[in-house]
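Participant: need a 3D model of the following:
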Amino acid sequence: MAKKLRIEGLSYRYALGGRNVLDGADLDVEAGEKILLAGGSGSGKSTLLKVISPATMPRGTVSGRVLIDGTDVNSIPRAEIISKVSYVAQNPETQIVVDTVYGELAFSCENTGISGVEIRRRIAWTATYFGIESLLKRRISELSGGQKQIVSLAAAIMLKPEILLLDEPTTYLDPVAAVRFLDLVDSINRDFGTTVIVAEHRISEFAGRFDRVVKVENGKVTDIETDFCGGATDVFYDKVFSLNGKNKNESAPTVMVRNLAFRYDRNGQNVLDGVDLLIPKGSVFALLGGNGCGKTTFLRCLTGELKPQQGKIKIDGKLSAMTQNPLSMFIEETVRKDLRFFLKRKGATGKEADEKIREIAKKLELTDSVLDSHVLDLSGGEVERAAIAKLILAGADVMLFDEPTKGLDDTAKKRLAELMRTLSGEGITSVFVTHDINFTLAAADCAGVLSGGTIL
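Facilitator: Coordinates of the predicted model:
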């Protein structure tokens, strides 16, 4: 088969970076091939996907060549390269630019000069193909994280690309929805011959779906052999419920919720409908549930961001929370500057702040490279760990996490589970919303599933 994509000696360094993230990377991809891109947090998977197209390349220094059908991408007109290569970001919040689903689907076509009639036809086809007709008139802000990811994929397909690049697309999806999402990707690859490259951490779960697995490591790209039967994700909740029987915590509750009800629209249905929950002090509590069931809404009620129409919430102690987009927690350009500014505002001297940063960096394995890089240049996993450092430094008694494992490889997930357990031993309560059942089994000592507006 013809080489659809060829990467030759590709090196890349971010504008404020101190090292090459990619360092002489080579990769050949055949037309219609479906590749799984592996690698640890911060290995350069996301960077490689972004650098393939000039339309998505971040600011930095690049050398080497990227060829599509034998033509250097830098010599292909911008409108043409945008049509040939579509990129779906790890976090849909950073990619969606219009406030309605219909407008988001139309946006890329409008910017490449496609006629209004053709745009309407493509929206009708795309909405039917993806099964999102009911979302077309919805505002993006009303969608769950999983729905936003599906809309991002649909928007990418509107231009009928020849190459589709997906950066950890299952991050915001529950286990069943993740399988369905990848089924959609399989259909796109099969029905249209689209060449697909997917960056993922969950290799053992998904490798069998792909033609080939390649790994980014030390700036290079290499083919790898993997055990396709390694560790499938448990998509059912029976093991999760068993946590509550095995790990009985007799401590007084630190989070108390009684008869909680919340709805967004005055005359609409309740998203939360009579939630009762007691979480003992020092617990690691996981809240699971399908996309759009109200997990993030529940966290926003706990933080006071949303005001319930009914019920009571009591938090014993100080609470801090990490949002689904941890980048929103940083106001300075580097992690070190941000943490230092944060600590000094809390009354620490410069010397005290530096010492606390050294301690937390060691605990979370945040290297100097991570601390001194621009936050926008960090991988999803690195941003996640930096945000957790900020929560710990805030000195909270209760920590809330919204999808804390997104962007983390297996090693980083293991470290995070161990950290939550360590904090539990110090009397700190961790409450996290997740789709990751395997992480829940590793980290949590109690759990619930949000379904039908209540927690089971």
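
Participant: what residues does the biggest helix by length in the chain touch?
Facilitator: Secondary structure of the chain read by DSSP state H shows that its longest helix is helix 175-192. Contact partners of helix 175-192, identified using C-beta atoms under 8 Å, 6 or more residues apart in numbering, comprise 32, 34, 130, 146, 149-150, 153, 157, 160, 164, 166, 169-170, 173, 194-196, 198, 206, 209, 233-235, 290-291, 435, 437. In this view, the C-beta of every residue, glycine as well, is placed from N, C-alpha and C.

Participant: adjacent strands (with direction) for the next helix or strand along the chain from that helix?
Facilitator: Past helix 175-192, heading to the C-terminal end, the next element that is a helix or strand (DSSP states H and E) is strand 195-199. Applying DSSP bridges to the sheet, strand 195-199 is found paired with strand 34-38 (parallel), strand 163-167 (parallel).

Participant: quick one: those as a markdown table, columns for mean neighbour count too.
Facilitator: Supplementary listing: the strands paired with strand 195-199 in a markdown table, determined by neighbours: other C-beta atoms under 10 Å:
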| stretch | mean neighbour count |
| --- | --- |
| strand 34-38 | 23 |
| strand 163-167 | 24 |
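
Participant: with distance to residue 456 as extra columns, can I get those strands in CSV?
Facilitator: Formatted as CSV, the strands paired with strand 195-199 follow (distance: least, C-beta to C-beta, whole Å):
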stretch, distance to residue 456
strand 34-38, 34
strand 163-167, 33
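
Participant: minimum distance to residue 222: which of these has it?
Facilitator: For the strands paired with strand 195-199, proximity to residue 222 was assessed by C-beta to C-beta; strand 34-38 is nearest, at 9.8 Å.

Participant: that closest one vs helix 175-192, what angle?
Facilitator: Between the axes of strand 34-38 and helix 175-192, defined by axes from the mean of the first three to the mean of the last three C-alpha atoms, to 10 degrees, the angle is 140 degrees.

Participant: using the three-state scheme, assign the nearest residue to residue 78 once chain neighbours are set aside.
Facilitator: Beyond its immediate neighbours in the sequence, the residue positioned closest to residue 78 (C-beta to C-beta, 6 or more residues apart in numbering) is residue 55, lying 6.6 Å away. Reducing the assignment to helix, strand or coil with DSSP: H, G, I helix; E, B strand; the rest coil, the entry for residue 55 is coil.

Participant: residues in contact with residue 55?
Facilitator: Residues near residue 55 by C-beta under 8 Å, 6+ apart: 78, 81, 82, 85, 87.

Participant: narrow those to those that are buried.
Facilitator: Judged by neighbour count, with 16 or more other C-beta atoms under 10 Å as the criterion, the buried members of those are 81, 82, 85, 87.

Participant: pipe those residues into TSV and attach distance to residue 142, secondary structure and pLDDT per row.
Facilitator: Listed next are the buried ones among the contacts of residue 55 as TSV, based on distance: C-beta to C-beta, whole Å; DSSP: H, G, I helix; E, B strand; the rest coil; pLDDT from 0 to 100:
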residue	distance to residue 142	secondary structure	pLDDT
81	33	helix	90
82	28	helix	89
85	30	strand	93
87	25	strand	92
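
Participant: switch those over to CSV; also include distance to residue 214.
Facilitator: Listed next are these as CSV, based on distance: C-beta to C-beta, whole Å:
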residue, distance to residue 214
81, 22
82, 25
85, 18
87, 18
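
Participant: do you know the pLDDT at residue 52?
Facilitator: For residue 52, the pLDDT comes out at 91.

Participant: the spatially closest residue to it that is not a sequence neighbour: helix or strand, and which one exactly?
Facilitator: Of all residues beyond its chain neighbours, the one nearest residue 52 is residue 66 (5.6 Å), with distances taken as C-beta to C-beta, 6+ apart. Applying DSSP H and E as the criterion places residue 66 in strand 60-68.

Participant: which other helices and strands does that strand contact?
Facilitator: Using 3 or more C-beta pairs under 8 Å, 6 or more residues apart in numbering; DSSP states H and E as the contact criterion, the neighbours of strand 60-68 among helices and strands are strand 3-14, helix 45-52.

Participant: name the residues that touch the helix or strand just after the longest one?
Facilitator: Moving toward the C-terminus from strand 3-14, the next helix or strand (DSSP H and E) is strand 22-30. Under the contact criterion C-beta under 8 Å, 6+ apart, strand 22-30 has outside partners 1-12, 35, 44, 47-48, 51, 64, 195, 197, 214, 216, 218-221.

Participant: drop anything exposed from these.
Facilitator: Going by neighbour count (16+ other C-beta under 10 Å), those have 4-7, 10-12, 35, 44, 47-48, 51, 64, 195, 197, 214, 216, 219, 221 buried.

Participant: okay, the angle between the strand holding residue 66 and strand 3-14?
Facilitator: Going by the same axes, to 10 degrees, strand 60-68 makes 180 degrees with strand 3-14.

Participant: strand 60-68: which residues count as buried?
Facilitator: Of the residues in strand 60-68, those buried by neighbour count under the rule 16+ other C-beta under 10 Å are 60, 62, 64, 66, 67, 68.

Participant: show me which of those is closest to residue 361.
Facilitator: Proximity of the buried residues of strand 60-68 to residue 361 was ranked by C-beta to C-beta; the top entry is residue 60 with 24.3 Å.

Participant: that older thread, show me how to select, in ChimeraX, the buried members of the contacts of helix 175-192.
Facilitator: Of those, the buried ones go into a single ChimeraX selection, burial set by 16+ other C-beta under 10 Å:
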select :32,34,130,146,149,150,153,157,164,166,169,170,173,194,195,196,198,206,209,233,290,291,435,437
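
Participant: that older thread, can you pull the buried residues of the longest helix of the chain?
Facilitator: Going by neighbour count (16+ other C-beta under 10 Å), the buried part of helix 175-192 is 175, 177, 178, 179, 181, 182, 184, 185, 188, 189.

Participant: do the same with stretch 88-108
Facilitator: Across stretch 88-108, burial judged by 16+ other C-beta under 10 Å covers 88-93, 95-96, 100-101, 103-108.

Participant: which pair of the residues you listed spans the longest distance?
Facilitator: Of all pairs drawn from those, the one with the largest separation by C-beta to C-beta is 90 and 106; the distance is 23.5 Å.

Participant: and the pLDDT for residue 43?
Facilitator: Reading off the confidence values, residue 43 has pLDDT 82.

Participant: any idea how far residue 12 is from the closest residue to it other than its chain neighbours?
Facilitator: Spatial nearest neighbour of residue 43, excluding adjacent residues (C-beta to C-beta, 6+ apart): residue 216 at 4.7 Å. From residue 216 over to residue 12 the distance is 11 Å, taken as C-beta to C-beta, to the nearest Å.

Participant: same question, residue 241
Facilitator: Plainly put, residue 241 is 46 Å away from residue 12 if you go by C-beta to C-beta.

Participant: show me what secondary structure element comes after the lowest-mean-pLDDT helix or strand in the chain.
Facilitator: Counting by mean pLDDT, DSSP states H and E, the weakest-scoring helix or strand in the chain turns out to be helix 238-246, with a mean of 70. Downstream of helix 238-246, the first helix or strand assigned by DSSP H and E is strand 253-262.

Participant: in that next one, what counts as buried?
Facilitator: For strand 253-262, by 16+ other C-beta under 10 Å, it's 253, 254, 255, 257, 260, 261, 262.
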